[in-house]
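Participant: The following comprises the amino acid sequence and a computationally predicted model.
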Amino acid sequence: MNATSVDEAFNPSVHVYEPHKAGLPPLRPYFKALWERRVFAAEMSRTGIRAANTNTFFGQIWLVINPLLLAGVYYLLTDIIAGGAAREDSGAIFAHMCGGLFAFYYFQGAVTTGAGSVVGGGKLLMNMAFPRMLLPLSALRTAFFRFLPTMGVYAAIHLLTGQPLGWVQLLAPVFLILLTMFAAGMSMIFAAVQVYFRDTSSFLPYFMRIWLYLSPVLWFAEKAPAKFQDYIQYNPLYSLLGGWTDLLVRAKMPDAELWIGGVAWAVAALLVGSLFFMSREREFAVRL
């Protein structure tokens, strides 16, 4: 009788833990469990919303104040850099910056919060069995409901600056849905990566700031800086935010390339992000 057989004979409760092999779980039961736990994810999201800025004087109003102040700062900055040449259309530029920044900070909030959702929920992962995808999706829901009040502020800015109105603006939510799909995919990718590389949370804010400057927020999509013209189409937010601001701010139908690019990037990010996250999630508890 070898040593292993002796151990099992005298201590039948001995367990041997072997390294887990990454792979996709059965998809139908997984998504069924994900749907059944949607109330759980919604409650986590509501808790996060209530906890944000509760110790500050303005509280939840900071959800609107922060991007609005940033829009003012960036407007002054670009106006000074332009030497005052932009003042002929200053209302349109300010409205464009507000609309673009509100959407970008929704995307940034979803990705950065989602990136830390798995590491931050370590104790929850250790004590409960549930689809781990609920964590970044809950963060996405939180970011979306924090984004909604900014649309009321934007509507006032749009009217006060005399921007055009048109039926085509009703298509703007299509690009918001595409942006949400893209944010969901990116948040799942970064959430999984951060489990293995904890420094991701330190690099992510700088990465997001650079991404902001390379996206059509401080400039119109068709007026991209000359140095970006050759590769601007490889920036997913060029299509997503470009189409969003064309519809919302300018009441203008976006070019076909923005529609095609927006759909392609959104679907690709969601598909790749969800598959990558599911393939790694069963070893999260071991890594944490």
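Facilitator: Yep, that arrived.
Participant: show me where the chain has helices.
Facilitator: In the chain, the helices defined using DSSP state H lie at 3-10, 27-36, 38-51, 62-81, 90-115, 117-120, 122-127, 134-160, 172-196, 200-213, 236-248, 256-280, 284-287.
Participant: from the ones you listed, which stretch is densest packed?
Facilitator: Of all the helices of the chain, helix 236-248 carries the top mean neighbour count, a mean of 26, counting by mean count of other CB atoms under 10 Å. For the C-beta atoms, the positions are set from N, CA and C on the backbone; glycine is no exception.
Participant: who's in contact with that helix?
Facilitator: By CB atoms under 8 Å, 6 or more residues apart in numbering, the surrounding residues in contact with helix 236-248 are 96, 99-100, 103-104, 107, 154, 158, 168-169, 171-172, 175-176, 178-179, 182, 211, 214-217, 220-221, 224, 232-233, 252-254, 257-262, 265-266, 269.
Participant: Can you dump the C-alpha atoms of it in CSV for me?
Facilitator: These are the backbone C-alpha positions of helix 236-248, laid out as CSV (Å, rounded to 0.1, in the frame of the first residue of the first chain):
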residue,chain,number,x,y,z
PRO,A,236,-13.2,52.8,-31.3
LEU,A,237,-14.4,56.0,-29.6
TYR,A,238,-13.9,57.9,-32.8
SER,A,239,-16.9,56.1,-34.2
LEU,A,240,-18.9,55.8,-31.0
LEU,A,241,-18.5,59.3,-29.7
GLY,A,242,-18.4,60.8,-33.2
GLY,A,243,-21.8,59.4,-34.0
TRP,A,244,-23.2,60.3,-30.6
THR,A,245,-22.3,64.0,-30.8
ASP,A,246,-23.4,64.2,-34.5
LEU,A,247,-26.8,63.1,-33.6
LEU,A,248,-27.2,64.7,-30.1
